[in-house]
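Colleague: what shape does this take:
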Amino acid sequence: MASTSLPSGDLTPVPVHIIAPAQGWVGLRLREIWEYRELLYFLVWREVSIRYKQTVLGMAWAVIQPVFAMVVFTIFFGWLGRMPSDGQPYPVFTYAALLPWTLFAYALTEASNSVVANQRVITKVYFPRLILPMAAVCVGLVDFAIAFGVLLLLLPFYGVQPGWAALAVPFFTAMAVLAAFSVGVWLSALNVRYRDIRHTLPFLVQIWLFATPVVYPSSLVPGPWRALYAINPMVGVVDGFRWALLGAGSIPILTVAVSSVVLAAVLVSGLFYFRRTERTFADVI
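Modeller: Have a look, this model is predicted:
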């Protein structure tokens, strides 16, 4: 029997990697997300391609949804219901709110289902699972950018000229994205264990729509209740969008501040909960 031996003098130690599940509250490991940034890019590109593949209207669907919603709300709430609009034309008043709301609703839905929808990949290869809801949220930004172009046409048509406050639009867009991502991270982790989440999510989004000042102004809410009302993070986002683009109302300092604090708490707690439970995704999913 032939025997093999290492060359004399070769004492290079062989690296040993031990893979073990983390215990307790694990760190967020956000640097790991940056290391997998190319995967995030390809996931976003894949979702955008799949969404508009073999469609007749293509990316026009990104415009059709908010525009049709604006028309319906204008007819029933603006003309028939005589809903106030802070002195602004009701169509553009509603559309300015529908932009961040549509982004939030789509990103929240997709992020909540992102982990379950990719169960085959999760059980075969390792990558930061947090990339899945992150990619789902980024896809919504593509539709938002397209629909925002329609608003730029509506503003001069109705004689609305944005001022310096329009520079705050990226900030409120980031708030909408973080709101969808924060809640989506919670629901995506819960959806792995409790599949009832996907059935209750459409109902949750519908209720959330009317709890957000999309078809009505926040000025209808009594002053003493404004801070409590702003616990809904989308209140600060919608009020901020209207103020930045239309000059509707005064600077919503209170609602934006309260919504930002709540959003930060939901985001941090959601990230830690996701990291804690992701070690069991492959087993439970």
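
Colleague: helix, strand or coil: sort out Thr212 for me.
Modeller: Assigned with DSSP: H, G, I helix; E, B strand; the rest coil, Thr212 falls in the coil class.

Colleague: would you enumerate the residues in contact with it?
Modeller: Thr212 sits next to Ala97, Trp101, Asn232, Met234, Val235, Val238 when contact means C-beta atoms under 8 Å, 6 or more residues apart in numbering. Every residue, glycine included, has its C-beta placed from N, CA and C.

Colleague: out of the residues you listed, who's nearest Ala165?
Modeller: Proximity of the contacts of Thr212 to Ala165, judged by C-beta to C-beta, is greatest for Val238, which lies at 14.7 Å.

Colleague: shouldn't the closest one be in contact with Tyr216?
Modeller: No. Because the distance of 10.4 Å does not satisfy C-beta atoms under 8 Å, Val238 is recorded as not touching Tyr216.

Colleague: which of these two has more neighbours?
Modeller: Neighbours of Val238 and Tyr216, each counted by other C-beta atoms under 10 Å, are more numerous for Val238; the result is 29 against 20.

Colleague: next up, the contacts around the more buried one.
Modeller: Residues counted as contacts of Val238 (C-beta under 8 Å, 6+ apart) are Ala97, Pro100, Trp101, Thr212, Pro213, Val214, Ser218.

Colleague: strands along the stretch 151-285 of the chain, start to end?
Modeller: Listed from the start of the chain, the stretch 151-285 of the chain has no strands (DSSP state E, counting those that start in this stretch) to report.

Colleague: output the below-cut-off pLDDT ranges for it.
Modeller: Of all residues in the stretch 151-285 of the chain, those with pLDDT under 70 make up the ranges 248-249.

Colleague: and Val67, how many neighbours?
Modeller: A total of 17 residues lie near Val67 under the criterion other C-beta under 10 Å.

Colleague: for it, what are its contacts?
Modeller: Contact partners of Val67, counting by C-beta under 8 Å, 6+ apart, are Tyr95, Ala147, Val150.

Colleague: quick check: next helix or strand after the helix or strand containing the first one?
Modeller: Pointing back at Tyr95 there. Assigned by DSSP states H and E, Tyr95 falls within helix 90-117. Past helix 90-117, further along toward the C-terminus, the next helix or strand under DSSP H and E is helix 119-122.

Colleague: mean confidence score for that following helix?
Modeller: Averaged across helix 119-122, the pLDDT comes to 85.

Colleague: list the buried ones in it?
Modeller: When neighbours are counted by 16 or more other C-beta atoms under 10 Å, the buried residues of helix 119-122 are found to be Ile122.

Colleague: run through the helices of this structure in chain order.
Modeller: 30-35, 37-52, 61-73, 90-117, 119-122, 131-157, 169-193, 197-210, 226-229, 233-246, 253-277, 281-284 (DSSP state H).

Colleague: return the most buried member of those.
Modeller: helix 233-246 (a mean of 27; mean count of other C-beta atoms under 10 Å).

Colleague: residue contacts, Phe73?
Modeller: Phe73 is in contact with Tyr90, Thr94, Leu98, Val214, Val215, counting by C-beta under 8 Å, 6+ apart.

Colleague: where does the last one fall, phi/psi-wise?
Modeller: Just to be clear, that refers to Val215. In terms of degrees, to the nearest 10, the main-chain angles of Val215 are phi -100, psi 0.

Colleague: got the contact list for it?
Modeller: Residues counted as contacts of Val215 (C-beta under 8 Å, 6+ apart) are Phe73, Phe77, Met83, Thr94, Ala97.
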